[in-house]
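Asks: Requesting a structural model of the entry that follows:
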Amino acid sequence: MISSEMASTAIQDLPAQSILVIDDEESMRHMLSVILQRAGYRVYTAADGEAGLELLAQETQLAIVLCDVRMPRLDGLGFLKRLHEITRPIYTVMMSAYGSMELAIEAMKNGASDYVSKPFKSDEILLVLKKLEERERLARENDLLRAAIGPVGSSSQFVGASDSVRELLATAQQFAGVSSTVLLRGESGTGKEVLARLIHDWSPRSERAFVAINCAAIPENLLESELFGHVRGAFTGAVRAKKGLFEQADNGTLLLDEIGDMPVGLQAKLLRVLETQVLRPVGGSAEKTVDVRVIAATAKDLDAAVASGEFRQDLFYRLNVLHLRIPPLRERSEDIPLLVDHFLAVHSARMGRPLPRVSPEAFQEMLASSWRGNVRELQNVVERAVVLAKNGVVTLNDLPPTLLAVSEVVEDGELSIKIRLPRLEKQLIERALKRCRGNRSQAARVLDISYKALLYKIRDYELESE
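Replies: Numbers count the residues shown, from 1 in each chain. So this is what the prediction gives:
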């Protein structure tokens, strides 16, 4: 008979980890339950290996097992050999009053994570479990980072190891397990579509289609047909029926990118489909049922759009069931080295070129940039640098002029573009001349202007001494 003995409270410092105790002695199960519950664990118990396997199949949160070696029906070693029936990782600590080195080695060969001899102290068993928890945590983090970074040959992966990225990916992985609508917010170039694809890849729908549409890129009169399809003759040019993206994504995931730019007139129709999972093609009378997980993404302030009437409040609430904010690159600058290395490897491999290194000066310039275009801008800069790099080194001259780390601050309250732009242009020219050690030909190339134009600007800004 299987019993479940759960702790009523958990110590704050420990995770609410679930543990299965398998032992044929009721007194041992009771003692371990008391020790583990006091330490904040949720405890399940079983009297033999067969019952333990049944419980592991039912309770999917169980990942750690304390298992006796000598038991009726199915003993500890037999239990280990049958653990392959459980597809998720299980960490097992074997216990035996008949402990010997040979038995420990046999258990480890069959997949045991650790081994303790009876009798043992409570501190000893808790220490072993903490080690297993740490191992499990590191394994989860490694899986998460591998999934996020992906193969070196792919440039469309979410790369980063900062705290904000770890938290973002961990939350996204939690969201992936359900079918609720997700709203992704973030500036342009932060990787909203990449994160949407990861959520799809981590989800139970991963084997089905991932379909994406940019709601801002399609004219209003065509967007409804793109989303919901149309029947033959629905409008001029509709010579045949066409499935919409909702149908194409049936049982899969549909990304509605730039949802903030969807026309108001279409928002009500989208809301109905989200609420009922039923659509009607343009020009048709028959309704179709679909099963689509929708992820919406926007760089707009939807709260302000709702307040101004540009975006329906009821649609906003329907989309904002689960939401994620993707931080801009300037808020996670510690990820820049990882991203640079990643994109260097990606584009070098794609172009069939040796992997270049980045000079210290160029690297400092990258770290100092505000990256208003976020990861997309960084990727483009690195791709350009791979093309221009000579002798296997990316130098300052291989970086675009827009990357110059201009840090002028409006301290006097002056907001006039007519006044500010000349000051900014002068500062860019000064930086370019300094970077190129006064070589005006190189500075003109860096600034992406003609040599003659540079000479005129040097004269106008009285930079003759440069």
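
Asks: And Glu133, how close does it get to Leu428?
Replies: Glu133 sits 53 Å away from Leu428, going by C-beta to C-beta, to the nearest Å. Every residue, glycine included, has its C-beta placed from N, CA and C.

Asks: swap in Ala297?
Replies: Ala297 sits 33 Å away from Leu428, taking C-beta to C-beta as the criterion.

Asks: what about the two, which has more around it?
Replies: Ala297 (27 against 19; other C-beta atoms under 10 Å).

Asks: wait, the more buried one sits on Ala196?
Replies: Yes: between Ala297 and Ala196 there is a contact under C-beta atoms under 8 Å: 6.4 Å.

Asks: Now for those two: what residues contact both?
Replies: Shared contacts of Ala297 and Ala196, defined by C-beta atoms under 8 Å, 6 or more residues apart in numbering, are found at 184, 255.

Asks: For the stretch 351-466 of the chain, just list every one of the strands.
Replies: For the stretch 351-466 of the chain, strands defined by DSSP state E, counting those that start in this stretch occupy the ranges 357-358, 393-394.

Asks: now the ones you listed as CSV including mean neighbour count, distance to Arg332 and mean pLDDT?
Replies: Listed next are the strands of the stretch 351-466 of the chain as CSV, based on neighbours: other C-beta atoms under 10 Å; distance: least, C-beta to C-beta, whole Å; pLDDT from 0 to 100:
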stretch, mean neighbour count, distance to Arg332, mean pLDDT
strand 357-358, 18, 19, 88
strand 393-394, 19, 22, 90
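
Asks: Ile336 is nearest to which of those strands?
Replies: With distances scored as C-beta to C-beta, the stretch of the strands of the stretch 351-466 of the chain nearest to Ile336 is strand 357-358 (10.8 Å).

Asks: That closest one - contacts with which helices or strands?
Replies: Using 3 or more C-beta pairs under 8 Å, 6 or more residues apart in numbering; DSSP states H and E, the elements in contact with strand 357-358 are strand 393-394.

Asks: Residues contacting the strand it packs on, please?
Replies: For strand 393-394, using C-beta under 8 Å, 6+ apart, the contacting residues are 344, 356-359, 362, 385-386, 388.

Asks: ditto for stretch 209-226
Replies: With contact meaning C-beta under 8 Å, 6+ apart, stretch 209-226 is reached by 193, 196-197, 200-201, 227, 234-235, 238, 242, 244-245, 248-259, 261-263, 265-266, 269, 282.

Asks: Among those, name the ones in helices.
Replies: Residues of the contacts of stretch 209-226 located in helices (DSSP state H): 193, 196-197, 200-201, 227, 245, 248, 265-266, 269.

Asks: So among those residues, where is pLDDT lowest?
Replies: For those, the model is least confident at Gly265; its pLDDT is 86.

Asks: Look up phi and psi at the nearest residue to that residue once chain neighbours are set aside.
Replies: Once flanking residues are discounted, Gly265 sits nearest to Glu220: 7.4 Å by C-beta to C-beta, 6 or more residues apart in numbering. Main-chain dihedrals, Glu220, degrees, to the nearest 10: phi -60, psi -40.

Asks: number of nearby residues for Glu220?
Replies: Neighbour number of Glu220 under other C-beta under 10 Å is 12.

Asks: do the one 5 residues further on as well
Replies: Other residues lying near Ser225 total 19 when counted by other C-beta under 10 Å.

Asks: likewise Asp201?
Replies: Counted with other C-beta under 10 Å, residues neighbouring Asp201 total 15.

Asks: go on, Ala368?
Replies: For Ala368, using other C-beta under 10 Å, the count is 14.

Asks: That one and Gln442, how far apart?
Replies: 20 Å.

Asks: in stretch 447-465, what counts as buried?
Replies: For stretch 447-465, the neighbour count (16 or more other C-beta atoms under 10 Å) marks 447, 449, 454, 457-458, 461 as buried.

Asks: Now tell me what touches it from outside.
Replies: 400-401, 422, 425-426, 428-430, 432-433, 440-441, 443-444, 466.

Asks: Among those residues, which pair sits farthest apart?
Replies: Greatest spatial distance in these: Pro422 and Ser441, 23.4 Å, computed using C-beta to C-beta.

Asks: Comparing the two, which residue is more hemmed in?
Replies: A direct count of neighbours by other C-beta under 10 Å for Pro422 and Ser441 places Pro422 higher, at 13 against 10.

Asks: got a list of what that one touches?
Replies: If you count contacts by C-beta under 8 Å, 6+ apart, Pro422 has them with Tyr461.

Asks: So that it lines up with my notes, have the first residue be 41 from now on.
Replies: With 41 as the first residue, the last one maps to Pro462.

Asks: For the stretch 191-340 of the chain, give me the ranges with low pLDDT.
Replies: 191-196, 278-279 (pLDDT under 70).

Asks: same thing but at 80, please
Replies: For the stretch 191-340 of the chain, the stretches flagged by pLDDT under 80 are 191-197, 260-261, 273-279, 325.

Asks: now swap in the stretch 341-490 of the chain and tell me
Replies: 408, 441-461, 463-464, 471-472, 474-477, 482, 485-488.

Asks: Helices of that one, residue ranges please.
Replies: Using DSSP state H, counting those that start in this stretch, the helices of the stretch 341-490 of the chain run over residues 342-348, 353-359, 376-391, 400-408, 414-428, 457-475, 480-487.

Asks: For Val313, which of those is the nearest?
Replies: Val313 sits nearest to helix 353-359 of all the helices of the stretch 341-490 of the chain, at 10.2 Å, using C-beta to C-beta.

Asks: Name the surrounding residues that touch the closest one.
Replies: Counting by C-beta under 8 Å, 6+ apart, 221, 223, 299, 307-308, 310-311, 314-315, 334, 336, 342-343, 346 sit against helix 353-359.

Asks: Any chance of the backbone angles for the residue most central in space within the chain?
Replies: Geometric centre of the chain, nearest residue: Leu209, 3.9 Å, by C-alpha atoms, centre = their mean. Dihedral pair for Leu209: phi -70, psi -40, per degrees, to the nearest 10.

Asks: quick one: it and Phe198 touch, right?
Replies: Yes: counting by C-beta under 8 Å, Leu209 touches Phe198, with 6.8 Å between them.
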